[in-house]
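Novice: build the 3D model from these lines:
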Amino acid sequence: MKTKDLRLLSEGELLEKKKQLSEELFNLRFQHATGQLENVMRMPQVKRDIARLKTILRERTPNKGK
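Specialist: A predicted model of the protein is given here:
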């Protein structure tokens, strides 16, 4: 998932995407624990995508302390 593509999404779409990725990460962790995970590199990819989403959402929130 590209950062420039994420920046085009609305805040609601970003939150929905974050929810979907969090669910996917949960499922990947479950598969990993049971030995059913085929693509182990998907876990770091999903974590990175969640971090990108959080960063973009954080950039969009106004600074309350300033």
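Novice: flag every buried residue along stretch 31-41.
Specialist: Q31, L37 (16 or more other C-beta atoms under 10 Å). Yep, even glycine has a C-beta here, placed from its N, CA and C like the rest.
Novice: and the end-to-end length of that stretch?
Specialist: From its first residue to its last, stretch 31-41 covers 13 Å (C-alpha to C-alpha, to the nearest Å).
Novice: give the contact list for the residue nearest to the spatial centre of the chain.
Specialist: Closest to where the C-alpha atoms of the chain average out (C-alpha atoms, centre = their mean) is I50, at 2.1 Å. Neighbouring residues of I50 by C-beta atoms under 8 Å, 6 or more residues apart in numbering: K18, L21, S22, L25.
Novice: filter the residues you listed to the buried ones?
Specialist: Among those, those classed as buried by 16+ other C-beta under 10 Å are K18, L21, L25.
Novice: assign the spatially closest residue to the first one that is not a sequence neighbour to helix, strand or coil.
Specialist: In other words, K18. Closest residue in space to K18, ignoring its immediate chain neighbours: L53 at 4.6 Å, by C-beta to C-beta, 6 or more residues apart in numbering. Per DSSP: H, G, I helix; E, B strand; the rest coil, the secondary structure class of L53 is helix.
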